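Visitor: pasting the sequence and the predicted model now:
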Amino acid sequence: MRTVVGAYAAAPRFEGDADFRRYVDQVLALPRVDGLEIPYFLHDESPWRTFPYLRASPAESRHVLTLLPTMVAGMGAAPGFGLASIDDDGRGAALDAVRRARRFVADANDAGGGSIASVELHSAPLRSAGSREAFARSLREIEAWDWADVRVDVEHCDALTDLPPAKGFLDLDDELEAIRSTRAGMVINWARSAIETRSVAGPRDHIALCGSPDALTGVVFSGCADIDTAYGAGWEAPPLPMSGWATDELAATSSASLLTRGELEHCVSLALSSSRLDFLGVKVCAPPAATVHERLSLLAGNVSMLALSIDSVSRPAALDDLSRDASPSQGGQPDR
């Protein structure tokens with residue numbers, strides 16, 4: 001099980017390629033970081049669409065590519081754009097975008113260095129313009145393409161309910177049903193599940209629901225707040241850091257985050273029970289005025305909290321194993 005960081009969410013404004021490369025290299029050098037969650041943009045201006053930083057990443061790095069920026073941009077241009085769209089043109093346009101992403105993944109992995117191990121897809125557009133059947137059809141088509149050993153996952157975004165949505169895509173039940181006839185796994189984002197349900201119970205329930213049929217392959221920990229903060233309005237803000245990741249002034253800006261150490265440990269424990277779990281991740285924003293050093297400190301602090309939770313949850317199991325190994329055998333004689 002690896003740890004990935006959606007470093008693009010906390011990234012500063014880059015003055016050039018050297019600044020970008022320096023930031024990425026510093027993120028990958030943080031303790032316990034095994035890879036990046038990389039945003040895929042259809043346009044070529046984004047530095048994340050280049051290969052040098054991937055070639056330079058350690059060979060053991062295994063990254064995740066998320067197509068959410070592409071889905072959101074596509075919906076902005078055409079509301080019917082999406083893999084779950086009931087509009088044939090909108091679904092076809094989204095499939096073409098995924099084809100281009102598949103080519104990017106193949107080229108990036110052929111370039112050497114770290115590799116993209118999985119791709120996250122999403123059930124856009126709004127649920128009122130989409131369907132489970134259309135999404136399942138798209139996933140089956142996509143899975144039939146040559147992905148080599150790259151896994152295709154579905155990342156759940158908040159579903160359309162009677163509350164104002166952030167994304168408003170399909171229900172988790174619909175997504176689980178859509179992947180049933182495929183090899184795809186499910187990824188849960190903590191903040192999006194909390195926003196959908198307006199409760200910290202939402203992420204727990206969603207992780208447990210995906211773990212029940214062993215569909216869970218990843219969990220990304222982003223925070224959110226139920227009140228307005230320096231990051232934005234309650235239930236609407238960009239991904240907040242965890243609360244309590246440090247005690248300084250920078251950490252105080254996220255003190256209202258509902259993603260506490262206790263919630264983190266609870267969800268890590270649930271996630272680790274899934275036999276298909278491949279990664280846990282952190283994706284958080286930084287205050288606009290934060291320096292590069294502060295942004296790296298923020299990422300390091302949040303990754304450290306995740307690592308401590310993983311170790312805390314895993315340690316009792318390891319101690320149980322040691323206890324069983326040291327106990328007498330059934331025959332009444334100690335093992336020698």
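Guide: Everything's here; your move.

Visitor: poorly predicted segments of the protein, please.
Guide: In the predicted model of the chain, residues 316-336 satisfy pLDDT under 70.

Visitor: same thing but 50
Guide: 327-336 (pLDDT under 50).

Visitor: in terms of helices and strands, where is the residue positioned nearest the centre of it?
Guide: Centroid-nearest residue in the chain, with C-alpha atoms, centre = their mean: V220, separated by 3.8 Å. Here V220 sits within strand 216-221, counting by DSSP states H and E.

Visitor: got the residue ranges for the strands in the stretch 101-250 of the chain?
Guide: For the stretch 101-250 of the chain, strands defined by DSSP state E, counting those that start in this stretch occupy the ranges 115-121, 151-156, 185-189, 216-221.

Visitor: what would those strands look like in JSON lines with distance to W235?
Guide: Quick note: C-beta positions are derived from backbone N, CA and C, even for glycine. Converted to JSON lines, the strands of the stretch 101-250 of the chain look like this (distance: least, C-beta to C-beta, whole Å):
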{"stretch": "strand 115-121", "distance to W235": "22"}
{"stretch": "strand 151-156", "distance to W235": "17"}
{"stretch": "strand 185-189", "distance to W235": "14"}
{"stretch": "strand 216-221", "distance to W235": "17"}
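
Visitor: which of those sits closest to I179?
Guide: With C-beta to C-beta as the criterion, I179 lies closest to strand 151-156 of the strands of the stretch 101-250 of the chain, at 5.8 Å.

Visitor: residues making contact with the closest one?
Guide: 66, 68, 117-123, 139, 142-143, 169, 172, 175, 178-179, 182-189, 192-193, 206, 217-218, 220, 278 (C-beta atoms under 8 Å, 6 or more residues apart in numbering).

Visitor: could you turn the buried ones of those residues into a ChimeraX selection?
Guide: Buried residues among the contacts of strand 151-156 (16 or more other C-beta atoms under 10 Å), as a ChimeraX selection:
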select :66,68,117,118,119,120,121,122,123,139,142,169,172,175,178,179,184,185,186,187,188,189,192,193,206,217,218,220,278
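
Visitor: looks to me like G281 is in a strand.
Guide: Yes: under DSSP: H, G, I helix; E, B strand; the rest coil, G281 sits within a strand.

Visitor: burial count for it?
Guide: As a burial measure, G281 scores 25 neighbours (other C-beta atoms under 10 Å).

Visitor: now swap in S269 and tell me
Guide: 18.

Visitor: please name the nearest non-neighbouring residue to it.
Guide: Leaving out its chain neighbours, the residue that sits closest to S269 by C-beta to C-beta, 6 or more residues apart in numbering is V313, at 4.6 Å.

Visitor: so how far is A256 from V4?
Guide: 25 Å (C-beta to C-beta, to the nearest Å).

Visitor: ugh, wrong one, I meant A166
Guide: 17 Å.

Visitor: between these two, which one's more packed in?
Guide: Counting neighbours by other C-beta under 10 Å for A166 and for A256 shows that A256 has the greater number, 19 against 16.

Visitor: which residues are in contact with the closest residue to that one other than its chain neighbours?
Guide: Of all residues not flanking A256 in the chain, A225 sits nearest, at 4.3 Å (C-beta to C-beta, 6+ apart). With contacts defined as C-beta under 8 Å, 6+ apart, A225 is in contact with Y231, G234, W235, A237, L240, A256, S257, L258.

Visitor: neighbour-wise, give me the winner out of these.
Guide: Counting by other C-beta under 10 Å, top hit in those: S257 with 26 neighbours.
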